[in-house]
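In: predicted structure and sequence below. I'll ask about it afterward.
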Amino acid sequence: MQQKRGEGGWIEVICGPMFSGKSDELLRRVERVEIARRKVQTFKPSMDYRYAVDRVVAHTGASREASAVPTARDILLQVGQDTSVVAVDEAQFFDDSIVEVCEELADSGRRVIVSGLDQDFRGKPFGPIPLLMAVAERVDKMKAICVVCGGEAHRSQRLINGQPAPGDAPTVLVGGAEAYEPRCRHCHQVPRKESSQKPLPGFEGA
């Protein structure tokens, strides 16, 4: 990859829960890049084929062509010398090497736009997104609408047969509205087995 140090590359992270408009925002920024007549390449993890294999598709239906890659390092192999902007959707499905890849692209003078879930269904940091947020020059945390109370939603509620998924369920489950819905902190639920429920110190009698 040709190095272009000194030309001002950087990393932007678009994060938030399911249905918060992350992919829509990524696509909006990519469209503006194309209006400016700059070359952009868009990538996605190959494990995410919910709506299309070779397209980034937002829940609203907006989409654009994308290269599906099995690993983050494959992005470096496919980025063209004349590409000035690299967009990566659903980055939480890559391993931590996506951080090094994004930094290498930014160091080469490219603008890197990344979107992904910052929390898993338990409300815990998800994959490499928190690391990307730490090294990024710009972070935009999107929010959705809680389907229970109508407040601001920052978490993704996983559902199994319409009921909250237990905390011991697998972390990764690629899905859409049939498996997830946005919720706020207070309406978000992660059931635990009775044997694993322990009261917080000082709240034993609550």
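Out: Okay, I see it.

In: how about the residue lying closest to residue 127 once chain neighbours are set aside, phi and psi?
Out: The shortest distance from residue 127 to any non-neighbouring residue, by CB to CB, 6 or more residues apart in numbering, is to residue 92 (4.2 Å). Backbone N, C-alpha and C define where each C-beta goes, glycine included. Here is the backbone geometry of residue 92 (degrees, to the nearest 10): phi -60, psi -20.

In: for residue 92, which residues are in contact?
Out: Contacts for residue 92 (CB atoms under 8 Å, 6 or more residues apart in numbering) come out as 116-118, 126-129.

In: turn those residues into CSV, including secondary structure, neighbour count and pLDDT.
Out: As requested, the contacts of residue 92 are exported to CSV (DSSP: H, G, I helix; E, B strand; the rest coil; neighbours: other CB atoms under 10 Å; pLDDT from 0 to 100):
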residue, secondary structure, neighbour count, pLDDT
116, strand, 26, 96
117, strand, 23, 95
118, coil, 25, 96
126, coil, 21, 92
127, coil, 20, 93
128, coil, 23, 96
129, helix, 27, 97
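
In: give me the mean pLDDT for the helix or strand containing residue 13.
Out: Remark: residue 13 resides in strand 10-16, with elements defined by DSSP states H and E. Throughout strand 10-16, pLDDT has a mean value of 98.

In: helices or strands next to the helix or strand following it in the packing?
Out: Where DSSP H and E defines the elements, the next helix or strand beyond strand 10-16 is helix 22-35. Counting contacts by 3 or more CB pairs under 8 Å, 6 or more residues apart in numbering; DSSP states H and E, helix 22-35 packs against strand 10-16, strand 40-45, strand 55-57, strand 63-65, strand 85-88, strand 111-117.

In: tell me the strands beside the helix or strand bottoming out on mean pLDDT in the chain, with direction?
Out: Ranked by mean pLDDT, DSSP states H and E, the weakest helix or strand in the chain is strand 55-57, scoring a mean of 77. Note on strand 55-57: by DSSP bridges, its sheet partners are strand 63-65 (antiparallel).

In: immediately after the partner strand, which helix or strand?
Out: Next along from strand 63-65, by DSSP H and E: strand 67-69.

In: tell me which of the helices and strands packed on helix 22-35 sits nearest to residue 96.
Out: The closest of those to residue 96 is strand 111-117. By CB to CB, the value is 12.8 Å.

In: check which helices and strands the next helix or strand after the closest one sits against.
Out: Once strand 111-117 ends, the next helix or strand along the chain (criterion: DSSP H and E) is helix 129-135. Applying 3+ CB pairs under 8 Å, 6+ apart, we find helix 129-135 packed against strand 10-16, helix 97-107, strand 111-117.
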